[in-house]
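> pasting a predicted model and its sequence here:
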Amino acid sequence: MTLLCRLEDIPEGGARGVLPNARGRDGVVLLRRGGRVYAYVNNCPHYDRAPLGWRKDAFLNGDGTRILCAAHGALFRIEDGVCEIGPCLGQALTPVPVRIEGGAVWLDAPP
Amino acid sequence: MRIIGPDELIFGVDNIEACRAFLSDYGLSESAPDCFEALDRTAVILRDRNDPALPPPLPTATRLRETIWGVEDQATLDAIAAELSKDREVTVDADGRLHTVDDGGFRIGFQVTRRIVLDLPPERINSPGAAPGRAPNEIGANEDAPARPRTLSHIVFFVPDMDRMANFYIDRLGFVVTDKFTNTGPFLRPQANDDHHVLFMIQTPEYMQGLEHLAFHMQGPTELMLAGSRMVKKGYESFWGPGRHKFGSNWFWYFNSPLGTHVEYDADMDKHDGDWTLREVPMSKEAAQMFLFENVAKWAPGGPPPGKG
Ligand code: FES
């Protein structure tokens, strides 16, 4: 298991990018809602190698209800990563298996 | 038709604060509330997406509501009104701007341009065999140099029917095709602008219709690198670049943005006139870029990687 971050490092209702690669790009997006943490590969299904956010940890639409692809505006449901509107309509973000233990978020297996 | 280029892009967004921060950091200045201008006054305009004054949105994810084209004079505006009124509704607002819709379904407007004529130095370089571009003791690598977008350069659309869309701009508004990616779309320039393109389009399914990116011209490659590096240092997400395109020759660096579109810096684009013969190649990564670099941080903008702190 790999430690991703402390649970308290993700604001409730907010998002955080973790697992920076050698180029400083966050590989995984974490979203905290209630007692749950949702995790997705930081890549839009519209394009290969298309990171989602526009700034470090900025991954959500205005009211925080959807994940935004800041490339062409696709909106994804937080619960299952399905694209509801945008160039990847009908496709979904790739989920990453994570586990909350001891107040921290752990990667179950490499994405 | 003496059309110059895009003057204003009007967006309806759901996170106006984030968009304001982005456009300021990108280098535009807020000249009026939520009007972000380049040095020649071309602008990106932000509105709340529920603002009733905005034209209706497309049924897709795009947040662009209207593209306002700048024209040379009132006579051009009158000619456009006469031409487009033949087969569509053209309205005139209190400021004398025309509003209508193009054949691709995008809202467009026309106004006597808001651009002011710039008189600014180009990037100066020293090249053996040529007269020095910079005087003795004048430094080229100045980290503190300003890097301000000079003018709105071009826009690129995702369009469901590229021929229909392109023919509207060619046949009805006098745009010229400079180059073409087969089955993707043409690069277009209007009559009062010699830039390689101010408009390009990419053929896509209908549910993708919208703005792919917008770009502003910078002084030159160095200023583009300076501006882009500053964005990366602030934690913004680089999407593609820096690199140099083949068609148009422009240097490029694209960023993701909270406006839900790529926002590009470009520099040193080719100029063309009536003697140019268009080139056509199939669209590919190789055709799109002559070379590509990637800005590699030693550590993430948000902090060092695990184990390197
Ligand atoms: S890359 Fe995500 S919407 Fe295009």
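Happy to help now that I have it.
> who are the contact partners of residue B:86?
Residue B:86 makes no contacts at all, as judged by C-beta atoms under 8 Å, 6 or more residues apart in numbering or on different chains. (Glycine included, C-beta is placed from N, CA and C.)
> point out where chain A drops to low pLDDT.
Along chain A, the model assigns pLDDT under 70 to residues A:110-111.
> the longest strand in chain A is where?
Looking across chain A with DSSP state E, the single longest strand is strand A:26-33.
> that one: how far from the chain's middle?
Put simply, strand A:26-33 sits 3 Å off its chain's centre (C-alpha atoms, centre = their mean, to the nearest Å).
> let's verify residue B:180: helix, strand, or coil?
The three-state label given to residue B:180 by DSSP: H, G, I helix; E, B strand; the rest coil is strand.
> counting neighbours, what do you get for it?
When neighbours are defined as other C-beta atoms under 10 Å in any protein chain shown, residue B:180 has 19 of them.
> return the residues in contact with the residue nearest to the spatial centre of chain A.
Note on chain A: the residue nearest the mean C-alpha position is residue A:29, at 2.4 Å, using C-alpha atoms, centre = their mean. Residue A:29 sits next to A:15-18, A:39-42, A:52-53, A:59, A:67, A:93 when contact means C-beta under 8 Å, 6+ apart.
> longest strand of chain B?
Counting residues, the longest strand found in chain B (DSSP E) is strand B:3-13.
> buried ones in the following helix or strand past that one?
Downstream of strand B:3-13, the first helix or strand assigned by DSSP states H and E is helix B:16-26. Residues B:16, B:18-23, B:25-26 are the ones in helix B:16-26 that count as buried (16 or more other C-beta atoms under 10 Å in any protein chain shown).
> kindly report the same for stretch B:278-296.
Buried residues in stretch B:278-296, counted by 16+ other C-beta under 10 Å: B:287-288, B:295.
> among the buried residues of helix B:16-26, which are in reach of chain A?
Subset of the buried residues of helix B:16-26 in contact with chain A: B:16, B:18, B:22, counting by C-beta under 8 Å from any C-beta of the partner chain.
> make a markdown table from these and add pLDDT to it.
As requested, those are exported to a markdown table (pLDDT from 0 to 100):
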| residue | pLDDT |
| --- | --- |
| B:16 | 97 |
| B:18 | 98 |
| B:22 | 98 |
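> and the gap between the residue of chain A found nearest chain B and the ligand?
Nearest residue of chain A to chain B: residue A:73, at 2.8 Å (C-beta to the nearest C-beta). With distances taken as C-beta to the nearest ligand atom, to the nearest Å, residue A:73 is found 6 Å from the ligand.
> kindly provide the distance from that residue to residue B:186.
Distance check for residue A:73 against residue B:186: by C-beta to C-beta, to the nearest Å, it reads 24 Å.
> again, but for residue B:100
Remark: distance between residue B:100 and residue B:186 (C-beta to C-beta) = 22 Å.
> of these two, who's got more company?
Taking other C-beta under 10 Å, residue B:100 and residue B:186 do not tie; residue B:186 has more neighbours (24 against 16).
> mind listing what residue B:209 touches?
If you count contacts by C-beta under 8 Å, 6+ apart, residue B:209 has them with B:58, B:60, B:62, B:104-105, B:157-160.
> roughly how far does it sit from residue B:44?
With C-beta to C-beta as the criterion, residue B:209 and residue B:44 are 20 Å apart.
> also residue B:173?
Counting by C-beta to C-beta, the separation of residue B:173 from residue B:44 is 22 Å.
> which of the two has more neighbours?
residue B:44 (26 against 22).
> looking at chain B, which helix or strand does the model trust least?
Taking mean pLDDT, DSSP states H and E as the measure, the helix or strand of chain B with the lowest value is helix B:285-288, at a mean of 75.
> what's across from the residue nearest to the centre of chain A in the sheet?
Assessed by DSSP bridges, residue A:29 has beta-bridge partners residue A:17, residue A:40.
> quick one: the spatially most central residue of chain B and residue A:58, what's the gap?
When C-alpha atoms, centre = their mean is applied to chain B, the residue found nearest the centroid is residue B:215 (2.6 Å). From residue B:215 across to residue A:58, the span is 22 Å (C-beta to C-beta).
> one more: residue A:90?
Separation of residue A:90 from residue A:58 (C-beta to C-beta): 25 Å.
> which one's more surrounded, these two?
With neighbours defined as other C-beta under 10 Å, residue A:90 and residue A:58 compare such that residue A:58 has more, 22 against 9.
> I'd say that one and residue B:17 touch.
No - applying C-beta atoms under 8 Å, one finds residue A:58 not in contact with residue B:17, separated by 11.1 Å.
> tell me how many other residues crowd residue 102.
No chain was given, so I picked chain A. When counting by other C-beta under 10 Å, one arrives at 8 neighbours for residue A:102.
> other chain: chain B
Using other C-beta under 10 Å, the number of residues around residue B:102 comes to 19.
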